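K.L.:
mind folding the following:
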Amino acid sequence: MPGKRRFGATGDYAICDCPYHWSFPFQGNKEFVEEYQKRDKVLPDTTAGAAYACIQILVDAIERSGSLDKEKLRDALTKTNLNTIMGPIGFNPDGTPKMYEAPGKPMPLAE
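P.N.:
Below is the predicted model:
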């Protein structure tokens, strides 16, 4: 992945360029869209959905690690197996994300 080559180990467990759509059928997305529309009067865009999913992942890692220590968080992230508003997410041993596939549309990962 381009970011991995650019940032090396610093980029491990980072998620970038995650497509999101307000119509995704994943757990919690309907509620996220309703709250977003109530607050901003528009449908959430890709950035909003991806940011929310990243926060879901971070909160999960903090809760499982019981700490804000970066090593403990990193260890918790490596064990992530979470259903987000963008679908299921986890990480491969090399730090790259195990991504969902949008319903009916395989999503190739760039190398």
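K.L.:
distance check, the closest residue to Gln27 other than its chain neighbours against Asp60.
P.N.:
Nearest residue to Gln27, sequence neighbours excluded (C-beta to C-beta, 6 or more residues apart in numbering): Asn83, at 4.9 Å. (Glycine included, C-beta is placed from N, CA and C.) Relative to Asp60, Asn83 is positioned 10 Å away (C-beta to C-beta, to the nearest Å).
K.L.:
more crowded one of the two?
P.N.:
Ranked by neighbour count (other C-beta atoms under 10 Å), Asn83 and Asp60 place Asp60 first, with 19 against 14.
K.L.:
surely the more buried one and Thr80 touch.
P.N.:
Yes - in this structure, Asp60 is within contact of Thr80 by C-beta atoms under 8 Å, at 6.6 Å.
K.L.:
OK, contacts around the residue nearest to Leu82 when sequence neighbours are not counted?
P.N.:
Spatially, and ignoring its direct neighbours in sequence, Leu82 is nearest to Asp60 (5.1 Å; C-beta to C-beta, 6+ apart). Asp60 is in contact with 76, 80, 82, counting by C-beta atoms under 8 Å, 6 or more residues apart in numbering.
K.L.:
can you list the residues you listed in JSON lines and add pLDDT and secondary structure?
P.N.:
Output for those, formatted as JSON lines (pLDDT from 0 to 100; DSSP: H, G, I helix; E, B strand; the rest coil):
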{"residue": "Ala76", "pLDDT": "93", "secondary structure": "helix"}
{"residue": "Thr80", "pLDDT": "94", "secondary structure": "coil"}
{"residue": "Leu82", "pLDDT": "94", "secondary structure": "strand"}
